[in-house]
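>>> Provide a 3D model corresponding to the input given below.
(one chain, ligands or ions: 1)
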Amino acid sequence: MSLNDCKLIELPKINDPRGNLTFIEPTVHIPFEIQRVYYLYDVPGGSERGGHAHKQLNQLIVAMSGSFDVLLDDGKDKVCYHLNRSYIGLYVCSMIWRELNNFSSGSVCMVLASNRYEEDDYYREYSEFMQVRWG
Ligand code: TYD
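Here you go, the predicted structure:
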């Protein structure tokens, strides 16, 4: 899995004067089945989240409210995405190091995940991730 497989996905958006609506259907709008949803909220200013890679997990990251930055790193190249729309998701595949920061006040980061939580699926040490990724 490479950095090129990670991409912004524009989700369906039903514009409505009563309020807009977005929906996500697994395997239709995102390339995996959803086994888990989690979200970050009440993030203090200056806080950083992430700082790990996943062995198998695929994810879609959405700024449900506010904004934040997601830095993706395959160990050779890096790309930074600024998320600030609830109809845009960032697809992050396995074996990509990610760091989330620059959270705006009141922001909410929702993550759809392809598997349930398993600590064994994490690389939490960058050096270990690099070793496995590039030898
Ligand atoms: P972690 O994935 O490291 O958070 P982030 O990458 O957003 O900074 O998870 C933080 C803690 O929460 C860690 O102790 C594991 C726990 N956790 C769960 O129990 N279930 C989950 O689905 C997630 C995402 C985390």
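
>>> is any part of stretch 107-122 close to the ligand?
Yes: under the criterion of CB under 6 Å from any ligand atom, the ligand is reached by stretch 107-122 at Tyr117. The way it works is simple: take the backbone N, C-alpha and C, and place the C-beta from them, glycine included.

>>> tell me which residues in that stretch are buried?
Ser107, Val108, Cys109, Met110, Val111, Leu112, Ala113, Ser114, Asn115, Asp121, Tyr122 (16 or more other CB atoms under 10 Å).

>>> could you do stretch 2-10 as well?
Along stretch 2-10, these residues count as buried under the neighbour rule (16+ other CB under 10 Å): Leu3, Cys6.

>>> for the protein, which residues are neighbours of the ligand?
With CB under 6 Å from any ligand atom as the criterion, the chain comes near the ligand at residues Arg36, Tyr38, Leu40, Arg49, Gly50, His52, Tyr117.

>>> ok, and the closest non-adjacent residue to Arg85?
In space, and not counting its chain neighbours, Arg85 is closest to Ala63: 6.6 Å by CB to CB, 6 or more residues apart in numbering.

>>> the one you found is in contact with Gly89, isn't it?
No: between Ala63 and Gly89 there is no contact under CB atoms under 8 Å: 9.0 Å.

>>> could you measure from the residue lying farthest from the centre of the chain over to the ligand?
No residue in the chain has its C-alpha farther from the mean C-alpha position than Pro17, which lies at 29.2 Å (CA atoms, centre = their mean). Separation of Pro17 from the ligand (CB to the nearest ligand atom, to the nearest Å) stands at 35 Å.

>>> got a pLDDT number for that residue?
We have a pLDDT of 98 for Pro17.

>>> so that it lines up with my notes, have the first residue be 300 from now on.
Got it, first residue is 300 now, which makes that one Pro316.

>>> what about it, which SS state?
Three-state call for Pro316 (DSSP: H, G, I helix; E, B strand; the rest coil): coil.

>>> contacts only, for it.
Contact analysis of Pro316 by CB atoms under 8 Å, 6 or more residues apart in numbering lists nothing.
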